[in-house]
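Participant: Show me how the following folds:
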Amino acid sequence: MNQPASLPAAGPAKLFLLPIMTLAQREVVRFLRQRTRVIGALVQPILFWILFGAGLRGSFKPPEWAASSMTYQEYFFPGVAVMILMFTAIFSTISIIEDRKEGFLQGVLVSPVPRISIVLGKLLGGTILAVLQAVLFIFLGPLLKIVGLAPDFETGITLAGFLPLVLFLFLLGFSLTALGYLIAWPMESTQGFHAIMSVFLMPMWLLSGSFFPAGESGWLSWIIRANPLTYGVTGLRRILAPEAGLPSAPGNPSMSVCLSVTTVVCIIYVAIAVWMTLQRSTRNAR
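Facilitator: Just a heads-up that it's a prediction; the model follows:
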């Protein structure tokens, strides 16, 4: 009798890459099927930008490193883009808690898939969603100016600056998704995740120079400078600045510093996420 041909064994590269792409695709499909997540992650920050920009335009004083003509809508714009990036990236990791309750996560963990592929797949999916929404908001800015909702807004984004913009957003989004992974992995309820969001992540965004300048002195300025997200916001502001060559200052670090800090923080978050996933836990056996 003829023996059935055996299936070729998957190579190491395929065994590593296939779960990454599969899990990332799953995150994107899940997101697109939940319309309320799209609305909540994009519409609310846009309203914040329009309303705060209109309300604070008269009282805003540009920081010393900025041009005297900078308006509050121009200053606040990178912060809102990072807000969209953060909300989308971190909220996408709530699926870890849901997957554990549904048994999907346990099935993935007992498979022969390398656990680093599980981590990278979840992070890649969340990052893609976050970058897409942040880019959409950035290109909505000029449109909102045309219709009169953001009359004071100017942006320096050009076609040549599109690739650096997307690459930096991807780096920052990957870092924020990894941070969300660290928070969600030990959690057993979405209520606990939202509590962490309220007491940790929102202050982290507010104290990143997104909402108000860091200032030159005082304890608050030192907290802002110690916040890793500050360097993501500043790096994005430099890419989007309508005038080239913003000077380096205590509240406005150089682009090289922003890239270095964001990259190092991203590596640390991912390394901890991989380490946590490699640990055996009884909650993943339920």
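Participant: Does residue 20 touch residue 120 like I think?
Facilitator: Yes. Under the criterion of Cβ atoms under 8 Å, residue 20 makes contact with residue 120 at 4.9 Å. C-beta here means a position set from N, CA and C on the backbone, and glycine is covered the same way.
Participant: More neighbours: which of those two?
Facilitator: Per other Cβ atoms under 10 Å, whichever of residue 20 and residue 120 has more neighbours is residue 120, with 24 against 21.
Participant: tell me the contacts of the more buried one?
Facilitator: Under the criterion of Cβ atoms under 8 Å, 6 or more residues apart in numbering, the neighbours of residue 120 are residue 20.
Participant: does it sit in a helix, a strand or a coil?
Facilitator: Here residue 120 is recorded as helix under DSSP: H, G, I helix; E, B strand; the rest coil.
Participant: How much space separates it from residue 100?
Facilitator: 19 Å (Cβ to Cβ, to the nearest Å).
Participant: ok, now residue 28?
Facilitator: 20 Å.
Participant: out of these two, which sits in the more crowded spot?
Facilitator: Neighbours of residue 28 and residue 100, each counted by other Cβ under 10 Å, are more numerous for residue 100; the result is 19 against 16.
Participant: just to confirm, which helix or strand has the more buried one in it?
Facilitator: According to DSSP states H and E, residue 100 maps onto helix 95-102.
Participant: distance between that helix and the chain's centre?
Facilitator: For helix 95-102, the separation from the chain centroid amounts to 21 Å (computed by Cα atoms, centre = their mean, to the nearest Å).
Participant: Name the next helix or strand downstream of that helix, please.
Facilitator: Assignment by DSSP H and E places the next element after helix 95-102 at helix 104-109.
Participant: What residues sit buried inside that following helix?
Facilitator: Neighbour counts over helix 104-109 (16 or more other Cβ atoms under 10 Å) mark 105, 108, 109 as buried.
Participant: which strands and helices sit next to that helix?
Facilitator: helix 95-102, helix 115-146 (3 or more Cβ pairs under 8 Å, 6 or more residues apart in numbering; DSSP states H and E).
Participant: Would you indicate which residues of the helix holding residue 100 are buried?
Facilitator: Using 16+ other Cβ under 10 Å as the test for burial, helix 95-102 gives 95, 96, 97, 99, 100.
Participant: Mind putting these into CSV with pLDDT and distance to residue 207?
Facilitator: Shown next, in CSV, are the buried residues of helix 95-102 (pLDDT from 0 to 100; distance: Cβ to Cβ, whole Å):
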residue, pLDDT, distance to residue 207
95, 84, 27
96, 87, 26
97, 86, 26
99, 82, 31
100, 84, 31
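Participant: Out of those, which comes closest to residue 248?
Facilitator: Of all those, residue 248 sits closest to residue 96, with 38.6 Å by Cβ to Cβ.
Participant: which residues sit in contact with that closest one?
Facilitator: Taking Cβ under 8 Å, 6+ apart as the test, what residue 96 contacts is 105, 122, 181, 184, 185, 187.
Participant: Pull the most distant pair out of these.
Facilitator: 122 and 187 (14.0 Å).
Participant: Show me which of those two is the more surrounded one.
Facilitator: Set residue 122 next to residue 187 and count neighbours by other Cβ under 10 Å: residue 122 wins out with 30 against 19.
Participant: Quick one, grab the pLDDT at the more buried one.
Facilitator: On pLDDT, residue 122 comes in at 92.
Participant: again with the one 10 residues further on
Facilitator: Confidence at residue 132, expressed as pLDDT, is 90.
Participant: same check, this time on the one 4 residues further on
Facilitator: What the model reports as pLDDT for residue 136 is 86.
Participant: Assess the claim that it and residue 46 are in contact.
Facilitator: No. Using Cβ under 8 Å as the test, residue 136 is too far from residue 46 to be in contact (10.0 Å).
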